[in-house]
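This is a predicted model, with the sequence first.
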Amino acid sequence: MKKALVALLLAFLVAGCTPANRKGLLAAGYAPEYVDGYVDGYSAGCHTIGHPFYRFTRDKVRYEEDSHYKKGWEDGFIIARSDYAAVW
């Protein structure tokens with residue numbers, strides 16, 4: 001019973017954040033700089049919430065100098081936190 005409970009808990013934990021789809025975003029017409037920021041922001045958002053398989057990622061120079069990267073990072077960060085919170 002404990003193994004099943006642990007497996008179920010882990011499944012819910014992991015389900016909260018799924019990898020950002022870089023190819024899909026590029027195919028949808030988003031700028032590569034935006035997509036880079038989105039992917040980094042999504043990872044950072046998942047990490048901040050406590051997801052064990054993501055890390056906080058942000059290119060400080062690009063965040064400060066590239067408005068597309070910054071906007072993508074902020075969007076990805078917010079979406080990740082929303083996705084993860086929706087599971088809990």
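Thanks, I have it. Here the structure is a predicted model, which means the values were calculated and not measured. Residues are numbered from 1 along each chain as shown.

Which strands and helices lie in contact with the strand or helix carrying Tyr63?
For Tyr63, the host element (DSSP states H and E) is helix 60-65. Counting contacts by 3 or more C-beta pairs under 8 Å, 6 or more residues apart in numbering; DSSP states H and E, helix 60-65 is packed against helix 32-49, helix 67-87. Using the backbone N, CA and C atoms, a C-beta is placed for each residue, glycine as well.

any idea how far His51 is from Gly45?
9 Å (C-beta to C-beta, to the nearest Å).

more neighbours, those two?
Using other C-beta atoms under 10 Å, the more surrounded residue of Gly45 and His51 is Gly45, with 27 against 18.

tally of neighbours for the residue nearest to the more buried one when sequence neighbours are not counted?
Nearest residue to Gly45, sequence neighbours excluded (C-beta to C-beta, 6 or more residues apart in numbering): Ala80, at 2.9 Å. Look at Ala80: counted by other C-beta under 10 Å, it has 26 neighbours.

Ala80: what's it in contact with?
Contact analysis of Ala80 by C-beta atoms under 8 Å, 6 or more residues apart in numbering lists 17, 41-46, 49.

Next one: the residue nearest to the spatial centre of the chain from Gly72, what distance?
For the chain, the residue nearest the mean C-alpha position is Tyr42 (1.9 Å; C-alpha atoms, centre = their mean). To Gly72, Tyr42 is 9 Å away according to C-beta to C-beta.

ok, now Phe56?
16 Å.

Give me the more crowded residue out of those two.
Gly72 (28 against 13).

Surely that one touches Tyr38?
Yes: the pair Gly72 / Tyr38 is scored as a contact, 3.8 Å apart, by C-beta atoms under 8 Å.

Mind listing the shared neighbours of the two?
With C-beta under 8 Å, 6+ apart as the test, Gly72 and Tyr38 both reach Tyr30.
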